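A.B. asks: Got a sequence here, can you build the structure:
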Amino acid sequence: MQLLTFLSSALRKTQTLRIITILAVFFILASVSRYQGSVQYSIDEDGSIQSVPSTAGEHDVYFTHHIATFKAKDIRPWTKGDTASLRTPEGQQVVQHLIASPFQPPTPSNGHNPKLLKPNFFSTLTKRLRVYRALWEHVKGHYDQLAQDGKQDEFYLAPPAEIAPAIDFLQKLEQETFPWFLDQYKTSYDLHRNFRDGGRGIVMCVGEYHTKYARTALKTLREVVKSTLPIEIYYRGEGDLSPANRAWFETFENVKTIDITTKIDDKILNLGGWAIKPFALLVSRFSEAILMDSDAYFLEDPAVMFEDQGYKEVGTVYFYDRTLFPGAGGDKKIWMESFLPSMSNHPAKTRWFLSKGDHEMESGVVVFDKSRNFMGLLAICKINDYHEREQVTYKHTWGDKESFWIGLEMIQVRYSFVRYLGGVIGNVGDAIPYKDMLLPKEEIDQYNKGEVPLVATNPIHTKTGVQTHRDRPRMDRVCGNQLHFDYRGRPLWWNSGVVRDKFTRGSPYLKYTAYMKDEDGTWDFQSSCLVQRNPGAIMEVEWEQRQVAFGILKADREAALEINQPSYMDILEIPRLIRSEGAKGGNGNSEAV
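C.D. replies: Next up, the predicted model:
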């Protein structure tokens with residue numbers, strides 16, 4: 001009755017104010033404070049602070065990870081009173097507001113574009129997603145009972161009268177928000193049920209160009225780190241991945257290649273590039289999955305990440321990117337506040353909000369429990385939908401990466417980041433030539449054989465004939481690939497290939513002798529080097545991990561020899577693995593240089 005009394009008084013206001021006020025009562029979409037506080041804090045190596053539950057112990061996950069946590073009062077469950085309110089005219093106005101077309105009417109001012117999103121659409125989308133989650137959880141018991149009786153197809157047909165308005169609202173939201181899976185599944189519950197017993201596995205997205213990296217990644221998983229996790233490789237349509245490459249992938253045990261257009265309606269999504277990744281994660285058969293890029297390489301079996309305490313706590317493990325381009329890309333804080341009326345405790349401490357970096361998350365590896373966080377994955381996919389990504393998401397982010405946590409903010413699902421920022425793994429100094437033809441081949445060969453050291457050079461360009469100039473190597477830096485750490489701060493995986501510069505033909509292999517954390521250095525982005533701020537930041541790669549990295553180089557060369565197409569994949573000489581070439585004499589003791 002209190003809600004109905006409020007609705008009655010709301011009739012005296014304008015239509016716009018009435019709808020907005022009813023929305024506030026329905027969904028508690030605003031809060032007194034945007035950010036969660038706490039009486040206890042942990043201070044990270046980068047100096048940032050996160051709130052920690054007062055019950056946390058010294059080695060609690062809240063000290064090894066950043067756990068995004070929402071205020072309980074900001075997540076309002078659906079109630080029987082909300083269902084009853086849907087039967088009122090005002091309740092139906094709310095329904096129409098949330099399922100209305102997201103597009104502006106075509107006018108001369110917008111070029112008569114029939115598919116231009118409304119300026120405030122992400123704000124409406126946030127409300128829609130939060131309502132959808134509340135409804136989904138409220139009526140799931142009814143679906144489960146039908147499924148137990150083998151009658152799940154009747155979910156939308158004749159629901160009980162007491163929940164019929166809620167189910168009708170849920171169906172409308174589903175049809176408007178996620179039409180791309182409705183060809184395959186009658187409801188999102190069916191999709192969720194489809195992977196309920198799917199176990200654990202790895203999901204990769206590979207097009208023809210990325211095959212040269214994916215072959216090495218697959219050989220690394222199976223032959224170097226000995227992972228037995230099943231693997232699904234997704235591609236988009238017959239022209240995206242050749243039959244020959246598909247057949248090669250499937251020569252490995254428990255590896256399957258799948259055309260994603262057979263699993264989801266690509267006529268709506270128009271998938272390509274980064275956008276395919278969250279949808280591949282969604283339609284994969286696994287209930288727990290590691291989504292990894294084709295150029296990501298692990299130093300141990302990635303299955304270890306399922307035992308990560310952050311993953312056990314919330315069902316996700318995310319990794320930070322490097323600290324790059326402070327202040328670039330506009331004010332991210334203002335943008336997020338424009339569509340998130342309440343947030344977790346996490347955004348306020350990010351480099352985004354503090355204008356310290358344009359990249360927050362590295363999505364080269366994402367660990368995701370789909371069963372626990374299904375609503376969150378739907379939200380992630382939604383902001384990678386065609387119009388959403390082209391007109392909003394990718395205008396403010398570098399591809400898909402930030403969508404994996406922003407989507408969870410929108411629908412209010414907890415998530416975790418390993419607290420260490422992205423670092424670098426490779427060689428001390430920048431003594432490896434990698435641009436054009438820096439040095440005569442015989443000198444590079446001598447270096448690869450460990451016969452002579454090479455020093456840093458300025459490029460000699462074959463077209464201009466610029467004279468080669470040699471300087472002493474700059475030993476205050478580590479140059480190489482992008483490194484990511486486990487919760488202990490130990491190197492776990494890297495991305496961007498296995499050579500000094502994957503975008504330069506003939507670029508040589510790295511030796512993987514040293515690494516550095518982002519927190520301890522400043523990036524020379526153009527050369528992929530991290531320069532230490534103070535002596536002692538350069539760390540030596542443990543001997544055991546150097547041996548794994550050497551195995552990855554062997555796998556890469558074997559893949560190149562199998563392809564035997566130098567124009568497609570370079571056949572490079574593998575450097576000698578010498579213990580004494582470690583950053584501190586090869587002792588493998590992780591002492592700082």
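A.B. asks: Contacts only, for the most centrally placed residue in the chain.
C.D. replies: Closest to where the C-alpha atoms of the chain average out (C-alpha atoms, centre = their mean) is Ser363, at 3.2 Å. By C-beta atoms under 8 Å, 6 or more residues apart in numbering, the residues touching Ser363 are Trp274, Lys277, Leu291, Asp293, Gly399, Asp400, Lys401, Phe404. Any C-beta I mention is one placed from the backbone N, CA and C, and that applies to glycine too.
A.B. asks: Okay, now the unreliable bits of the stretch 401-550 of the chain?
C.D. replies: For the stretch 401-550 of the chain, the stretches flagged by pLDDT under 70 are 431-473.
A.B. asks: Can you show me the helices along it?
C.D. replies: 403-411, 441-448, 543-563 (DSSP state H, counting those that start in this stretch).
A.B. asks: Return the most buried member of those helices.
C.D. replies: Of all these, helix 403-411 carries the top mean neighbour count, a mean of 25, counting by mean count of other C-beta atoms under 10 Å.
A.B. asks: For the residue lying closest to His65 once chain neighbours are set aside, grab the count of nearby residues.
C.D. replies: Leaving aside its sequence neighbours, His65 sits nearest to Gly310 (C-beta to C-beta, 6 or more residues apart in numbering; 3.8 Å). Applying other C-beta atoms under 10 Å, we find 24 other residues in the vicinity of Gly310.
A.B. asks: next one: Met475
C.D. replies: 15.
A.B. asks: Now find how far off-centre the helix or strand hosting the residue nearest to the centre of the chain is within its chain.
C.D. replies: Assigned by DSSP states H and E, Ser363 belongs to strand 361-369. Distance of strand 361-369 from its chain centroid, counting by C-alpha atoms, centre = their mean, to the nearest Å, is 4 Å.
A.B. asks: That strand: what's the following helix or strand?
C.D. replies: Tracing the chain past strand 361-369, the next element assigned as helix or strand by DSSP H and E is helix 374-382.
A.B. asks: Check which helices and strands whatever helix or strand comes next after that next one sits against.
C.D. replies: Downstream of helix 374-382, the first helix or strand assigned by DSSP H and E is helix 386-388. Contact partners of helix 386-388 among helices and strands, from 3 or more C-beta pairs under 8 Å, 6 or more residues apart in numbering; DSSP states H and E: none.
A.B. asks: Mind listing residues that contact helix 386-388?
C.D. replies: By C-beta under 8 Å, 6+ apart, helix 386-388 touches Pro102, Phe103, Lys115, Leu117, Phe122, Leu125, Ile268, Leu269, Asn270, Ala275, Lys382.
A.B. asks: Same question for stretch 179-194.
C.D. replies: Residues from elsewhere that reach stretch 179-194 (C-beta under 8 Å, 6+ apart): 136, 140, 143, 147, 152-153, 155-156, 171, 174-175, 178, 263-266, 268-269, 279, 282-283, 285, 371, 374, 378, 385.
A.B. asks: what's the answer for stretch 112-123, then?
C.D. replies: Identification of contacts with stretch 112-123 by C-beta under 8 Å, 6+ apart yields 102-104, 106, 110, 124, 338-339, 341, 383, 387-388, 391-392.
A.B. asks: Emit the ChimeraX select command for whichever of these are buried.
C.D. replies: Here is the ChimeraX command that picks out the buried ones among the contacts of stretch 112-123, judged by 16 or more other C-beta atoms under 10 Å:
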select :102,104,124,339,341,383,387,388,392
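A.B. asks: Okay, and which of the contacts of stretch 112-123 map to strands?
C.D. replies: Assignment to strands by DSSP state E places none of the contacts of stretch 112-123 there.
A.B. asks: Let me know the closest of the contacts of stretch 112-123 to Tyr234.
C.D. replies: Ile383 (19.3 Å; C-beta to C-beta).
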